[in-house]
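Chemist: next come a sequence and a model predicted from it.
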Amino acid sequence: MSELDRFAESSTTVWSNNPSLAGLMGLSPLLAVSQTTVTGSALALITLLVCLASALTVHGLRRYITSRHLYLWIVIIMAGYTSVISQLLQIWFYPLYRELGIYTYLVACNFALLVKMPRYQKAATALPVLLDACKLGIALGVTLFGFSLLRELLISGAIFANMSLLIPGNFDESAAAMQSDWLKFVALQPGAFILLGLVVAVCNALGISKPEAYYRRDKPPIERARVTGRLKSSEQ
């Protein structure tokens, strides 16, 4: 069993087997939309909704989805839900939609979700699917929210600065956060990447992001083949 299979079969929580902190999956939206807590929270909620809806849909259509076209169906299902959410954002939360940009659609390509969906197809009942998908979405969402909170606090010294983006029907442009001179680097992508590396290092030091599956590797014993001497005949 590969490491990716171990991740897919293991239970995901915020502290154990976290896709972002342990598997380093889904880093593109984590680094791109985490400048403010509002945008990070919005994308976290979108990820949770897409994860729940897609998991239940894959489980409901398990009899019609063949293994040959499994990932094609998964991507189509997730892309459908992200498109619906994007249309709703354009209608009621257009400034927030502009802030999130293409990363709303990229939820359908989140690798942490893609590797988990085949597991939901094999489940016998819908309740385990709902619980596991909820834990996966919460783990991704809490990581995105926490990193956005930390990053906005370092950039502007405040949190939830653009709460007006969450008001339905508000089409006013969001105000830019005031940045301190010595922490402007955190607002850039290289600074966000370095900050994420420090967070992962702290989590590894505390032992809270280590995936449980990596500690339990059932490797078959390796038998050394004999390459010298005469081989005994099977007839003897």
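Modeler: Structure received. As the structure is a computational prediction, the values presented were derived from the model and not from experiment. Residues are numbered from 1 along each chain as shown.
Chemist: pLDDT weak spots in the chain?
Modeler: 1-17, 20, 22-23, 26, 164-183, 207-236 (pLDDT under 70).
Chemist: how about the strands in it?
Modeler: In the chain, no strands are defined using DSSP state E.
Chemist: Leu113 contacts Leu136, doesn't it?
Modeler: Yes: assessed by Cβ atoms under 8 Å, Leu113 is found in contact with Leu136 at 7.2 Å. (C-beta placed from N, C-alpha, C; glycine too.)
Chemist: which residues do the two both contact?
Modeler: Listed contacts common to Leu113 and Leu136 are Cys51; contacts here mean Cβ atoms under 8 Å, 6 or more residues apart in numbering.
Chemist: how many other residues sit next to Gln87?
Modeler: Gln87 has 11 neighbouring residues, counting by other Cβ atoms under 10 Å.
Chemist: quick one: it and Leu30, what's the gap?
Modeler: 24 Å (Cβ to Cβ, to the nearest Å).
Chemist: repeat that for Lys135.
Modeler: Taken as Cβ to Cβ, the span from Lys135 to Leu30 is 18 Å.
Chemist: between the two, which is the more surrounded one?
Modeler: Using other Cβ under 10 Å, the more surrounded residue of Lys135 and Leu30 is Leu30, with 25 against 16.
Chemist: how about that one, what does it touch?
Modeler: 20, 143-144, 147, 196.
Chemist: what's the farthest-apart pair in those residues?
Modeler: Leu144 and Leu196 (11.1 Å; Cβ to Cβ).
Chemist: the two: who's more crowded?
Modeler: Neighbour totals were compared for Leu144 and Leu196, and Leu144 leads with 26 against 21 (other Cβ under 10 Å).
Chemist: report the contact partners of the closest residue to that one other than its chain neighbours.
Modeler: Excluding the flanking residues, the one nearest Leu144 by Cβ to Cβ, 6 or more residues apart in numbering is Ala44, at 4.4 Å. Counting by Cβ under 8 Å, 6+ apart, Ala44 makes contact with 140-142, 144-145.
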